[in-house]
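Student: with the input below, show me the fold.
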Amino acid sequence: MSPHDPPLRPGLERPFKVLGIQQIAIGGPDKKRLQTLWVDMLGLQVTGTFQSEKENVDEDICAIGTGPYKVEVDLMQPMDPDKKPAVHTTPLNHVGLWIDDLPVAVEWLTARGVRFAPGGIRKGAAGYDITFLHPKSNDEFPIAGEGVLIELVQAPAEVIAALG
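Tutor: Presented below is the predicted three-dimensional model:
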């Protein structure tokens, strides 16, 4: 912990750190319309693409900044608009956070009642290990994203060094 970190509430000494924003994901029925704003007008560069029938997503991965300071802006459309997950029904689909130790974070958060979406830790579209906090709580897990889907992303060494 650095002197610039906010003080922890008593009993919340967590064994991991959120380092910064890794991505924002924007969904719509047609990613070409999203590209018009984000790529053509705002000048973001498309750095990759990702398609997954299981996750019902066809996305372009765009970038703001470089190196460990790069933030992804994922422009997503559903592969099938009638299937779930419906990535196009929530325009701001999710926010991704860099985490310095993802397995430790998941274990610690789960033990304290944080609800995770199904799927566990897995490789994400950009190649990093990821998992999602569920947007809604339930009786078993009373802490969730309060309507927001939150992706936790394992930060690579260069991001940990730069932001940690």
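
Student: quick one, what contacts the nearest residue to Ile64 once chain neighbours are set aside?
Tutor: Using CB to CB, 6 or more residues apart in numbering and skipping the chain neighbours, the partner closest in space to Ile64 is Val71 (4.8 Å). C-betas here are computed from N, CA, C, even on glycine. Contacts were defined as CB atoms under 8 Å, 6 or more residues apart in numbering; by that measure Val71 touches 21-24, 63-65.

Student: now, which of the residues you listed sits nearest Met41?
Tutor: Among the contacts of Val71, Ile64 lies closest to Met41 (CB to CB), at 13.7 Å.

Student: the closest one: how many residues sit nearby?
Tutor: Residues contacting Ile64 under the criterion other CB atoms under 10 Å number 17.

Student: surely it is in contact with Gly43?
Tutor: No. Checked against CB atoms under 8 Å, the pair Ile64 and Gly43 is beyond contact range at 9.3 Å.

Student: pull out the buried members of the contacts of Val71.
Tutor: Buried members of the contacts of Val71, scored by 16 or more other CB atoms under 10 Å, are 22-24, 63-64.

Student: I'd like those residues written out as CSV, with pLDDT and distance to Gln51 added.
Tutor: As requested, those are exported to CSV (pLDDT from 0 to 100; distance: CB to CB, whole Å):
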residue, pLDDT, distance to Gln51
Gln22, 96, 20
Gln23, 96, 17
Ile24, 95, 19
Ala63, 94, 19
Ile64, 92, 22
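
Student: report the central residue of this protein.
Tutor: Within the chain, one residue has its C-alpha closest to the average C-alpha position: by CA atoms, centre = their mean, that is Gly96, at 2.3 Å.

Student: in contact with that residue, which residues?
Tutor: With contacts defined as CB under 8 Å, 6+ apart, the neighbours of Gly96 are 21-25, 72, 130, 150-153.
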